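J.: only geometry, no sequence info:
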Ligand code: GAP
């Protein structure tokens, strides 16, 4: 973890929030590379969960919601963690996380556990009284439930269908830590899939498998991923079943994503509390029913940390060691770097034109400082899949060299083909190498 945290800060992925004031516990800022990585993770989730499907639509709801939402959903009463305090050093701990009965910091005695609601409270309007209390949402999911009817009517969706959302959630966690693993402000990607009661088990299994495969597709090693079913007594108040997709983080196996069968709990609770019936009329069977809900819920920050951990490698390179982030090209923050071999005016002008051309459809960097070897290293360390070198020969033959991050193989192509070639390679096209002697062969592993 130390290596990941250090790389993240040194290269501008993640910084502690308000760092110049000593930081704010449980809050993080994403730097120029971190925000690209985050946006790419959100984009591949959105593409597969919304864009590529006929049965899921997107939504973005407000972070502040009517207080009654959280009363009806059960969060006001039940979004609580048992908190204990050390009688000696006064540090506070989540009782569930403790192994023994003593303070992990100073071995002092602990108080009895009391229940602590983790929702952040604030006020709407200028008057800070109890009538104006609202909460920062602790999950995005309730935005989908309270809009169930709006979406069903406005999009004329038939069951089964889903509503997806990405956005910030807030929890006043008693203990935070392990870098961005558990924060107080974090981002979630959740999808509520509304199904006919009786078909819920089938859809539950479908979503567990689909989401498991997604993590592997974008770079998690199969051996670092597992499934953990919650025992009945540990299920959230709304769930009939819940399986966590767990990942082997540097601090141990822990939840990456949760898939829950939330039954008809939320829709029924909101129907009761609001007086607005949230059910579904099936034209074909002429039945009215309240749909069951299968919910795959994942953060953005946790997969981001997991993708960084599994991408990280230290590899021998000639007499030295190179640090590489082997990111899947779709999530790599920078897709290619344009590297002129010299800063001489005529070469620089040519290289800048190449850069401008490519950046119009890909996130690319221009780097003309230090030796080419060091520039390759810098790009490897941030996971850039391709480096494009522009040399003096390029001025003559209008060709540039592309170097692939993982194999370090190189190809030389006409600059007029560069944009198209990079796009195709990023989408998975094979990297054909021209070795000494000139014969075209298939690059290994492609
Ligand atoms: N709507 C259901 C729900 O919110 P959850 O298991 O509490 O379920 C879903 O949260 C996901 O959100 C987790 O699997 C995790 O990826 C992320 N998450 C939850 N709490 C988090 C925190 N304090 N910091 C970072 N990510 C968190």
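T.: That came in fine, so what should we check first? What you see is a predicted model; the values in this text were computed from it and never measured.
J.: residues from the stretch 251-400 of the chain in reach of the ligand?
T.: 255-258, 295, 297-299, 301-302 (Cβ under 6 Å from any ligand atom). For the C-beta atoms, the positions are set from N, CA and C on the backbone; glycine is no exception.
J.: could you rerun that using 8 Å?
T.: Contacts of the stretch 251-400 of the chain with the ligand, taken as Cβ under 8 Å from any ligand atom, map to 255-258, 260, 295, 297-299, 301-303.
J.: same list, those residues, but as TSV with distance to residue 132 and neighbour count please.
T.: Converted to TSV, those look like this (distance: Cβ to Cβ, whole Å; neighbours: other Cβ atoms under 10 Å):
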residue	distance to residue 132	neighbour count
255	34	16
256	37	25
257	35	23
258	32	21
260	32	24
295	30	23
297	29	20
298	33	24
299	30	23
301	31	23
302	33	23
303	36	25
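J.: OK, contacts around whatever residue of the stretch 201-350 of the chain ends up closest to the ligand?
T.: Using Cβ to the nearest ligand atom, the point where the stretch 201-350 of the chain gets nearest to the ligand is residue 299, with a distance of 3.0 Å. Going by Cβ atoms under 8 Å, 6 or more residues apart in numbering, residue 299 touches 186-189, 257.
J.: what about it, distance to residue 45?
T.: 11 Å (Cβ to Cβ, to the nearest Å).
J.: quick check: residue 201 is in a helix.
T.: Yes. According to DSSP: H, G, I helix; E, B strand; the rest coil, residue 201 belongs to a helix.
J.: and it, how many neighbours?
T.: 14 (other Cβ atoms under 10 Å).
J.: same deal with the one 4 residues further on?
T.: Summarising burial for residue 205: neighbours were counted as other Cβ under 10 Å, giving 14.
J.: check residue 243 too.
T.: Residue 243 has 21 nearby residues by other Cβ under 10 Å.
J.: that one contacts residue 257, doesn't it?
T.: No. Contact criterion Cβ atoms under 8 Å: residue 243 and residue 257 do not qualify, at 9.3 Å.
J.: just the buried ones among the contacts of residue 299, please.
T.: 186-189, 257 (16 or more other Cβ atoms under 10 Å).
J.: near the ligand, which residues of the stretch 51-200 of the chain? Just list them.
T.: So far as Cβ under 8 Å from any ligand atom goes, the stretch 51-200 of the chain lies against the ligand at 138-141, 169, 171, 173, 176, 180-184, 186-188, 190.
J.: which of those fall within helices?
T.: With helices taken from DSSP state H, the overlap with those comprises residue 141.
J.: give me the pLDDT value at the residue nearest the centre of the chain.
T.: For the chain, residue 300 is the residue whose C-alpha lies nearest the centre (Cα atoms, centre = their mean; 2.4 Å). pLDDT for residue 300: 98.
J.: would you state the helices of the stretch 101-250 of the chain in chain order?
T.: 141-146, 148-155, 200-217 (DSSP state H, counting those that start in this stretch).
J.: the stretch 1-150 of the chain: strands as residue ranges?
T.: In the stretch 1-150 of the chain, the strands defined using DSSP state E, counting those that start in this stretch lie at 14-16, 28-30, 56-58, 64-65, 80-85, 92-94, 114-117, 121-123, 133-136.
J.: same list (those strands) but as a markdown table, adding mean pLDDT and mean neighbour count.
T.: Below are the strands of the stretch 1-150 of the chain laid out as a markdown table (pLDDT from 0 to 100; neighbours: other Cβ atoms under 10 Å):
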| stretch | mean pLDDT | mean neighbour count |
| --- | --- | --- |
| strand 14-16 | 97 | 19 |
| strand 28-30 | 98 | 19 |
| strand 56-58 | 98 | 17 |
| strand 64-65 | 97 | 15 |
| strand 80-85 | 89 | 18 |
| strand 92-94 | 88 | 17 |
| strand 114-117 | 88 | 14 |
| strand 121-123 | 95 | 12 |
| strand 133-136 | 96 | 18 |
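J.: quick one, which of those is nearest to residue 289?
T.: The minimum distance between residue 289 and those falls on strand 56-58, with 20.2 Å, by Cβ to Cβ.
J.: hmm, back to that, tell me which of the residues of the stretch 251-400 of the chain next to the ligand is nearest to residue 223?
T.: residue 256 (14.2 Å).
J.: could you measure from the closest one over to residue 109?
T.: Distance from residue 256 to residue 109, by Cβ to Cβ: 35 Å.
J.: didn't residue 203 look like it was pressed against residue 294?
T.: Yes. Counting by Cβ under 8 Å, residue 294 is a contact partner of residue 203 at 4.7 Å.
J.: name the residues contacting each of the two.
T.: The contact sets of residue 203 and residue 294 overlap at 193, 195 (Cβ under 8 Å, 6+ apart).
J.: which one of the two has more residues nearby?
T.: residue 294 (28 against 19).
J.: wait, is the more buried one part of a helix?
T.: No. If the criterion is three-state DSSP, then residue 294 is strand and not within a helix.
J.: beta partners for it?
T.: residue 193, residue 261 (DSSP bridges).
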